[in-house]
Structures are given as C-alpha cells and as structure tokens.
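Student: Could you look at this predicted model? Sequence included:
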Amino acid sequence: MAERSALIEGTVVASHGRHCMVETPDGERRICHPRGKKSQAVVGDHVLWQAAPPGQGAAGSIEKVLQRRNLFYRQDTIRTKSFAANLDQVLILIAAEPVFSESQLARALIAAEAAGIRPLIALNKSDLAESFARAWERLLPYRRMGAGQHYGVLPLSLALSSAVDRAALMQQLTAKTTLVLGPSGSGKSTLINLLVPGAAVLTGALSQALNSGRHTTTSTHWYWIDQARTSALIDSPGFQEFGLQHIAPMQLAACMPDIAAHAGHCKFYNCTHLHEPGCGVLEAVKKGAGADGASAIRHKIYSDLFAELSHTRY
C-alpha cells in the first residue's frame, strides 16, 4: 500500500462545491477535496492537507479545517450560505446609482456584527454629484456610527480611479483580509480589476481548474493585492438575498450599534424596543436622528427584522 505524505498547512483560496484550491505558505496552489463532511472548508480557512500518493493523481485531500477566528455567513429558512472565514473586515460596496437597498445594507452589517467582524461601507460613483449627494445623505446614520468607531464610510469614484480614492481605499485594505460584497451595478468588478490586474484571467483559470466553468459568478475567490502577500481581497457573490435566521430576535438590537446605544436606558431588561413603556430606544426615536436621538428609518428596519425573525421561529 502506498505511503501517504505528511500533512501540509495551507489556506483555501477558491471553492466550488466540494472542490477547493489550497495555497501553501510559499505560494503553491493545489486542488484538494475534503475528506468527509467534517472537513468541509470555505475560502479563508486554514487547513491541513495531504498530497495524494504517487500514481494516484495530482489532487490532495483536506484532512482538517483548523479553528476559525470567525465565519461570515447568511442563513434563510432553507439553507446556510458561508461566504468566507478568518476575516479582518467586510467591505460593503454600494453606489449612488442604482439606488441601493438600505435593508440589504443593514442585513450585511448585522451579519458582520454578529460574527465580530469589522464592517466598512464604501459609496461608489462620487462623480455623479446629485445622485451621490442623495445617497450620502441616506448614509448619515451610518456615518454618525462611524464617528463612534463602529462603521467606516468611504466615498469613492472607481470610474475615475483617482489617486486620492485609491490611496484612501488602500489605507483601509493594507495588511488585512477583506471580503468584498456588493449588489449588481455597485462597481465590485471594477474595484477587483483595479486592485488586482488580471483578476478576470485568474478567476477563469481557478474556475477551470475547479471544473466550475460557467459557474464562475457563483464561486468565491481570494486575491492578493500586494507582492508581499499580506493584503487580500475575497470576492463573493450572493448579496441580493441575505437571510439572518441565525440571529435570535432578542439578539438583534446588540447587532445594531445605534439601537444598542440606547437599549441600556430601557426600564425593562427584556425590552423588545417596539412598544414597552420606558424604552430608551423609542425615546431616542422620538428625538429624531441626531447626537442624542435615533433614526426612525433604522428603527423601522429593526422592527421589520424583529418581526421576520420572530415569525420564522414560531
């Protein structure tokens, strides 16, 4: 019987179904298949893998997924979609046009908070002055939270690709592993191609190697954006639907910093922040958006999500 090789540490840099591309610390990449369901890996996972014995093909096997720092995922009533693991931050790219969904934005931010991952919002198309001004105004509650060190909100014009914008963006991305999310039309492909020249070619090669072919757009890929391989972008689809079934209704407020900021002033410890007397959140909403108040739109998002999460559990 052929002797199996020693275990090698690596990072999953692409995945499709049960096929993974694993990169070793010296930059070598190898197709690997998980051994059993317990070895199911996602992009960003640190794994121990093993090369196949001589004469048994070039593919390796993932023997163990090492402990994760975090996992960013969404969950609806049918299934769970894992985006990536061991992240430093999630960059949510939206645009002045087409008009972005604040509900989608809020859901992605809540998922990041629940996973303990820093979220960063980037608003693209600052060259469209009027549309950008309206969108920037809509982001005022998030910019206020940014002033409290919760969220960063960054203006961008990827079409113009200015040196100032690129420098500001790189300052946020350097020495970090960043998952990039964005709805259709936000400029996600432009951003990836700007920071990773030849990304389309690399994606095609990875997809062909993993035999995903036409499923390229549903695959997740890891890109290095510096020669030293210390800064990485992970490009993943799936922003259109964003279920939060993994979050209990009573945990929701803690995942929304502007709601949580006033929750400590409630009369009742188990306040839902929807109708109770002496609710600090409702009092803040009455004051309106501002330094001591809270956004009515954000509270409506909280209220709708609370109802959604409560309904699916009973």
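Tutor: Great, that's in hand. Numbering: from 1, shown residues only.

Student: where in the chain is pLDDT low?
Tutor: The model of the chain has pLDDT under 70 over residues 1-4, 37-39, 54-58, 147-149, 200-218, 238, 312-314.

Student: Tell me where it has strands.
Tutor: Assigned strands in the chain, in chain order: 7-16, 19-23, 29-34, 46-50, 60-65, 71-75, 80-85, 89-95, 118-124, 152-155, 177-181, 220-224, 232-235 (criterion: DSSP state E).

Student: can I get the ones you listed in JSON lines with distance to residue 130 and mean neighbour count?
Tutor: C-beta here means a position set from N, CA and C on the backbone, and glycine is covered the same way. As requested, the strands of the chain are arranged in JSON lines below (distance: least, C-beta to C-beta, whole Å; neighbours: other C-beta atoms under 10 Å):
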{"stretch": "strand 7-16", "distance to residue 130": "40", "mean neighbour count": "21"}
{"stretch": "strand 19-23", "distance to residue 130": "44", "mean neighbour count": "22"}
{"stretch": "strand 29-34", "distance to residue 130": "46", "mean neighbour count": "19"}
{"stretch": "strand 46-50", "distance to residue 130": "46", "mean neighbour count": "20"}
{"stretch": "strand 60-65", "distance to residue 130": "48", "mean neighbour count": "19"}
{"stretch": "strand 71-75", "distance to residue 130": "33", "mean neighbour count": "20"}
{"stretch": "strand 80-85", "distance to residue 130": "33", "mean neighbour count": "20"}
{"stretch": "strand 89-95", "distance to residue 130": "14", "mean neighbour count": "24"}
{"stretch": "strand 118-124", "distance to residue 130": "14", "mean neighbour count": "23"}
{"stretch": "strand 152-155", "distance to residue 130": "15", "mean neighbour count": "18"}
{"stretch": "strand 177-181", "distance to residue 130": "26", "mean neighbour count": "24"}
{"stretch": "strand 220-224", "distance to residue 130": "34", "mean neighbour count": "21"}
{"stretch": "strand 232-235", "distance to residue 130": "30", "mean neighbour count": "24"}
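
Student: in the protein, which residue is closest to the centre?
Tutor: What sits nearest the mean C-alpha location of the chain, by C-alpha atoms, centre = their mean, is residue 90, with 4.1 Å.
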